[in-house]
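Student: sequence and computational prediction follow.
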Amino acid sequence: MLQDVPFLAINSDEIEWDDNVTLFQLPTGAHKIHPNLKIKVLMRDDQRGQVAALVKFPPGYVEPQHQHVTSHCVVVIEGEQHVAGKVLKKGDFHYAPPNTVHGPFEYPVGGIVFAVYRFPTATTQ
């Protein structure tokens, strides 16, 4: 599936948290991480349209209900993510297909998630 991306084994502690990251380019422009969040990009394959990252949410952060052309799947690593009447904790998962309304997401105690984003590329549009 990811033939152009080499095998990777990464110690995420060796990557600095960043708050100014463009996750991917879409026809509508660059999709950047929200400035109140921190991110560690672990893998990027622009040719196949995939990014894997750790995302850190501060306590009290609320992401409003939204939709986008990307899909993403998320596993909670630390803290809590509140969505759809559920409290997701370490090891819990959510998936949002493209063009599907989802959220709001609330992080009353903050949290860190592992997220994989799938986005359209010039060859998949």
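Tutor: Good, I have the coordinates.

Student: who is Leu54 paired with across the strands?
Tutor: Per DSSP bridges, the residues bridged to Leu54 are Lys40, Phe114.

Student: now it: how far from Phe93?
Tutor: Separation of Leu54 from Phe93 (C-beta to C-beta, to the nearest Å) stands at 15 Å. (C-beta placed from N, C-alpha, C; glycine too.)

Student: what about the two, which has more around it?
Tutor: Leu54 (18 against 11; other C-beta atoms under 10 Å).

Student: residues in contact with the more buried one?
Tutor: Listed by C-beta atoms under 8 Å, 6 or more residues apart in numbering, the contact set of Leu54 reads 12, 39-40, 42, 77, 112-115.

Student: just the buried residues from these, in PyMOL please.
Tutor: Here is the PyMOL command that selects the buried residues among the contacts of Leu54 (16 or more other C-beta atoms under 10 Å):
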select buried, resi 39+40+42+77+112+113+114+115
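
Student: okay if I get the contacts of Leu54 as a markdown table plus distance to Ala30 and pLDDT?
Tutor: Shown next, in a markdown table, are those (distance: C-beta to C-beta, whole Å; pLDDT from 0 to 100):
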| residue | distance to Ala30 | pLDDT |
| --- | --- | --- |
| Ser12 | 24 | 94 |
| Ile39 | 14 | 93 |
| Lys40 | 19 | 95 |
| Leu42 | 19 | 93 |
| Ile77 | 26 | 98 |
| Ile112 | 24 | 98 |
| Val113 | 21 | 97 |
| Phe114 | 22 | 97 |
| Ala115 | 17 | 95 |
